[in-house]
Structure formats: structure tokens, C-alpha cells
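S.K.: Predicted model follows, preceded by the sequence.
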Amino acid sequence: IIRVVDALKDRDAKKKNVPIKNVAQISRVTMNIIAERIEREIGSPDIQVRVLNNNILMEGTAQGNFEADRAIEIAKTYLPEVFVQKNKADEGEVKPKQAGGQTGGLPIIIDLLRIAPPPASAPGKDIKITMNYVELTNEYDKTFNFIWSPLVSDSSNFQYNSGLGELSANLVATVSSLFPKLNSAKSHGHAKILKTGQIIVKDRAEQPAAIESSVDFFTRTVDATGNSALTPVQVQNVTKVKAATIPGSDSLELGLQITLNSLLGTNQGAPIIAKNSLQTQVIIKNGDSAALGGFAVDEALSGYNREPDRNVSGGGQGQQQGSPLFNLNRGKNFRRNKQQYIIFVTPEVIRTASAGTEDITRKFRLNAGER
């Protein structure tokens with residue numbers, strides 16, 4: 001229509017003073033076609049476009065502000081440019097799409113779109129963490145001593161009797177430790193400790209999940225007056241865990257603080273307790289196992305021809321200390337201690353907390369009908 005009006009003005013030079021008015025309007029059929037194309041271009045089943053009184057109505061529900069703004073901009077691109085008559089003296093102008101307007105038959109866009117409420121956040125994931133603690137202790141002690149060191153002590157004395165004019169003497173020599181001594185001993189101790197713990201934690205929980213267990217041992221002590229008392233010794237294990245998933249990855253970030261105490265044996269009635277602790281923060285792939293840390297101690301002590309301490313006194317008057325005739329000492333002491341421990345951890349994302357109980361149910365035969 002605009003091109004037709006412009007062509008009439010250019011070709012009819014005799015009727016320049018006669019005003020040419022544009023009274024053409026966009027038909028309803030054309031507006032319906034435009035509405036259908038706008039709706040098809042938007043491509044959302046929840047947004048409808050219809051025509052009412054030569055206006056384009058945008059109705060429905062958009063999933064967000066971005067989708068609503070996009071639908072309005074697409075509709076604006078389909079609005080045609082319309083020739084608008086300003087007044088009787090003016091020749092008129094072309095109204096651009098961006099300017100819109102509500103006079104002269106110009107179609108406008110009426111925004112009736114609603115924004116859908118954001119979906120509720122999904123519940124946090126549950127993470128099952130399995131920890132395996134292995135400790136090995138090995139003690140070996142071997143002693144061999146051959147000692148032959150005879151001792152001689154002199155208790156001789158002399159006595160003179162002036163009244164009788166007699167001189168008497170006693171010659172006494174004592175030989176002790178005449179027979180050699182042989183000492184041989186061997187001892188061996190071995191301990192293997194395996195601890196397994198499982199805990200289910202919430203993804204990105206503020207407070208760490210904790211497992212605590214303790215066992216009390218009592219030792220009897222006797223004081224100088226002979227009174228006995230029981231002294232408690234506590235063996236406590238504490239594990240604290242925090243876990244978080246990494247967006248866009250199948251790995252998990254773990255923060256662990258582990259304190260493990262183990263009873264290795266007794267020494268003269270007193271318990272021997274090994275204390276180990278570990279604190280770290282690592283990233284592990286879902287379902288994989290990783291060795292968090294540990295240590296190993298290997299001690300080897302050897303001694304050769306060590307003479308034991310001793311006091312030997314001779315008899316007779318004066319009780320002089322004996323002196324060895326000769327000293328033959330051959331011996332070997334060997335002691336070896338080994339201690340090592342290592343901690344493994346396996347994180348696994350599970351659907352629900354009940355989904356992580358299959359292993360426990362199978363281990364303790366908790367299924368109905370299973371004996």
C-alpha cells in the first residue's frame with residue numbers, strides 16, 4: 001500500500017495539489033496469518049498468539065523472563081510498517097515497527113504472558129562412604145648369651161700370739177661362677193587389624209557426619225602401701241566426614257578427620273595401644289577407592305657381646321669383691337619391630353539412604369526368610 005501511494009504521487013504530476021489519503025487497513029485474515037507465524041516462530045506450546053480488535057495478544061506461560069522477552073521481540077519483528085496520516089495538511093509518514101502506536105489502525109502487541117514459578121530445588125544427594133583401615137604389627141626378639149667368667153675372692157688372714165709366741169695363718173681362696181652360663185630366648189608377636197566403617201552423609205551438609213566408638217580397658221595398679229586400684233584405659237575411634245558433589249563432574253570432594261586407636265597386646269598387665277590419626281581433603285571419582293594415607297615403621301636393633309651388669313662379693317673377713325680369672329662372653333641380641341597402617345576410602349552417590357543398605361543386609365542376614 002505504501003509503495004502504491006508513493007507511485008501515485010510520483011506519476012500524476014497534474015494532481016500534486018490533490019491530497020492522496022491512505023485509508024487502507026490490514027485485514028483480519030492477514031493479522032491471523034501473522035499471529036500463526038509468530039506462534040510458530042516462538043515454538044513454545046505454552047505460549048499462544050491471537051488477534052483481537054486488530055491487536056496481537058500474547059498469552060500463556062513462559063518458563064522464565066528470557067523466554068518471555070524473546071517471544072515479545074519475535075512478535076515485534078512481524079509487525080508491518082503502516083502509513084499514518086498526521087493531519088489534513090501533511091502528506092503522512094511511515095510509522096516504523098519500533099514506534100508502534102494506537103491510532104491510524106496500527107496493530108500493537110499486548111503482553112499478557114505469565115512467568116512460571118521456578119521449580120523446587122531437587123533434594124540433595126546421599127553419599128555412602130566406606131572406609132577400610134588395615135594395620136599390621138610384627139615383633140621379633142631373639143637373644144643368645146654365653147658367659148663364662150669365674151670369680152676368685154681371697155679371704156686369707158694372719159694372726160700372731162705374743163704370749164705363746166705362735167704365728168698362725170689361714171689361707172682361703174674362693175672360686176665362684178665356675179660353670180659357664182648359657183641364655184637363649186626367642187619371642188615373636190604378630191597382629192593384623194582390619195576395621196571397616198560405613199556412613200551415609202548428605203551432599204554439602206553444613207555439619208560433618210561422625211562415627212564414634214570406644215572400649216574401656218582396666219589395669220590394676222599397686223601403690224607402695226600395697227593398696228590396689230583399677231585404672232581405666234579408653235580405646236576410642238572417631239571418624240568425621242564431609243562430602244560434596246562437583247557440578248558437571250562425576251567426582252566427589254571429601255573432607256575426613258580420622259582418629260583410630262587399637263589394642264596391640266599387653267606388657268606386664270598394661271595394655272599396649274597404637275594411636276593413629278589422619279586429616280585430609282581429597283577429590284575422588286564416584287565409586288573408586290583411594291588410599292588416603294598411612295605410615296610404615298621398621299626398626300631393627302642388634303647387639304653383640306654385651307656383658308650384663310652384676311655384683312659379686314667374696315666371703316671371709318673384709319668381704320673383698322671377687323676378680324675374674326678370665327672373661328669369656330659371646331652373645332647376640334636382635335630385635336625387629338614392624339608397624340604399618342593404611343586407610344582406604346570409597347565414596348558412592350546413591351539414590352536414597354535405603355539404597356545403601358544392601359551390603360549390611362546381606363552381611364547380617366536381615367532379609368526375611370534367610371537363616
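M.R.: Here it is on my side, so go on. Numbering: from 1, shown residues only.

S.K.: residues in contact with Lys338?
M.R.: 136-139, 296-299 (Cβ atoms under 8 Å, 6 or more residues apart in numbering). For the C-beta atoms, the positions are set from N, CA and C on the backbone; glycine is no exception.

S.K.: Among those residues, which are located in strands?
M.R.: In strands, judged by DSSP state E, the following of the contacts of Lys338 are found: 136-139, 296-299.

S.K.: how about JSON lines for those residues, with pLDDT, distance to Leu260 and neighbour count added?
M.R.: JSON lines is the format used below for those (pLDDT from 0 to 100; distance: Cβ to Cβ, whole Å; neighbours: other Cβ atoms under 10 Å):
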{"residue": "Leu136", "pLDDT": "84", "distance to Leu260": "14", "neighbour count": "15"}
{"residue": "Thr137", "pLDDT": "82", "distance to Leu260": "13", "neighbour count": "20"}
{"residue": "Asn138", "pLDDT": "85", "distance to Leu260": "19", "neighbour count": "15"}
{"residue": "Glu139", "pLDDT": "84", "distance to Leu260": "20", "neighbour count": "18"}
{"residue": "Ala296", "pLDDT": "79", "distance to Leu260": "16", "neighbour count": "10"}
{"residue": "Val297", "pLDDT": "79", "distance to Leu260": "16", "neighbour count": "10"}
{"residue": "Asp298", "pLDDT": "84", "distance to Leu260": "20", "neighbour count": "10"}
{"residue": "Glu299", "pLDDT": "83", "distance to Leu260": "21", "neighbour count": "10"}
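
S.K.: Now render these as CSV, adding distance to Ile115.
M.R.: Below are those laid out as CSV (distance: Cβ to Cβ, whole Å):
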residue, distance to Ile115
Leu136, 64
Thr137, 67
Asn138, 70
Glu139, 73
Ala296, 63
Val297, 66
Asp298, 69
Glu299, 72
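
S.K.: For Arg28, state which of these is nearest.
M.R.: Ala296 (88.8 Å; Cβ to Cβ).

S.K.: doesn't Asn138 make contact with that closest one?
M.R.: No: counting by Cβ atoms under 8 Å, Ala296 stays clear of Asn138, with 11.2 Å between them.

S.K.: overlap in contacts of these two?
M.R.: Residues touching both Ala296 and Asn138 by Cβ under 8 Å, 6+ apart: 338-339.

S.K.: which residues pair with the residue nearest the centre of the chain across the strands?
M.R.: For the chain, the residue nearest the mean C-alpha position is Leu254 (2.0 Å; Cα atoms, centre = their mean). Assessed by DSSP bridges, Leu254 has beta-bridge partners Ala243, Val282.

S.K.: Would you quantify the distance from it to Gly124?
M.R.: In this view, Leu254 and Gly124 are 16 Å apart by Cβ to Cβ, to the nearest Å.

S.K.: Over to Asn305?
M.R.: For Asn305 relative to Gly124 (Cβ to Cβ), the value is 69 Å.

S.K.: For the helix ranked longest in the chain, which residues meet the burial criterion?
M.R.: Scanning the chain for the longest helix, with DSSP state H as the assignment, gives helix 28-42. Residues 31, 34-35, 38-39, 42 are the ones in helix 28-42 that count as buried (16 or more other Cβ atoms under 10 Å).

S.K.: mind checking how far that helix is from the chain centre?
M.R.: Centroid separation for helix 28-42 versus its chain: 57 Å, with Cα atoms, centre = their mean, to the nearest Å.

S.K.: So which elements touch it?
M.R.: strand 47-52, strand 55-62, helix 65-77 (3 or more Cβ pairs under 8 Å, 6 or more residues apart in numbering; DSSP states H and E).

S.K.: Hmm, Ala243 and the residue nearest to the centre of the chain touching each other?
M.R.: Yes: Leu254 is in contact with Ala243 according to Cβ under 8 Å; the separation is 5.4 Å.

S.K.: Would you mind listing the residues touching both of the two?
M.R.: Going by Cβ under 8 Å, 6+ apart, residues that sit against Leu254 and also against Ala243 are 129, 347.

S.K.: Noted, bye for now.
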